[in-house]
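S.K.: next input, structure requested:
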Amino acid sequence: MNEEAISYIMQKMSNCLDNSQMISLEKTLEEAFRGEDIVSLKPSEELLEEFLSVKRLEGRSEKTLFLYKFNISKILKKSDKNVCVMNTDDIRKYLFEYQLSGVSKATVDNVRRNLSNFFGWLEDESYI
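M.R.: Numbers count the residues shown, from 1 in each chain. Next comes the predicted model:
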């Protein structure tokens with residue numbers, strides 16, 4: 001089963017990666033399927049709380065912290081993915097659906113900025 005999965009992934013990625021990248025991908029997949037070097041993902045909610053703690057230490061107002069938590073919690077509840085494996089398309093889809101719910105473009109942009117801050121922090125902290 002694992003060999004089939006690795007072959008399938010390698011085939012799908014062959015048009016996107018050069019030879020050295022393909023070799024690296026194959027090695028990583030083999031390690032992952034053997035259970036080596038797998039880092040368990042922190043729960044999204046735990047990462048959100050860490051983010052809020054950092055922003056509180058940076059001096060953000062309680063209103064700003066509330067809005068961060070409110071807006072970020074909504075995407076966490078809507079998605080079945082951990083934030084560490086969400087991609088740009090997941091976020092775009094969420095924002096598009098949110099805009100379709102009838103909110104203003106300014107509101108969607110505020111949510112986008114909150115998400116951008118959160119995902120930027122995740123990247124800075126090497127979670128993504």
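S.K.: what residue ranges in the protein score low on pLDDT?
M.R.: Scanning the chain for pLDDT under 70 picks out the ranges 1-2, 35-40.
S.K.: could you report the neighbour count for residue 28?
M.R.: 13 (other Cβ atoms under 10 Å). For glycine as for every other residue, the C-beta is placed from the backbone atoms N, C-alpha and C.
S.K.: tell me which element it falls in.
M.R.: Under the criterion of DSSP states H and E, residue 28 resides in helix 19-34.
S.K.: same deal with residue 59?
M.R.: Here residue 59 sits in a region with no helix or strand, counting by DSSP H and E.
S.K.: for it, give me its contacts.
M.R.: By Cβ atoms under 8 Å, 6 or more residues apart in numbering, residue 59 lies in contact with nothing.
S.K.: so how far is residue 65 from it?
M.R.: Residue 59 sits at a distance of 10 Å from residue 65 (criterion: Cβ to Cβ, to the nearest Å).
S.K.: equivalent analysis for residue 81, please.
M.R.: For residue 81, the distance to residue 65 - Cβ to Cβ - is 24 Å.
S.K.: cool, residue 15 as well?
M.R.: 44 Å.
S.K.: got it, and residue 114?
M.R.: Taking Cβ to Cβ as the measure, residue 114 falls 11 Å from residue 65.
S.K.: these two: who's more crowded?
M.R.: Higher neighbour count among residue 114 and residue 65: residue 114, with 19 against 15, using other Cβ under 10 Å.
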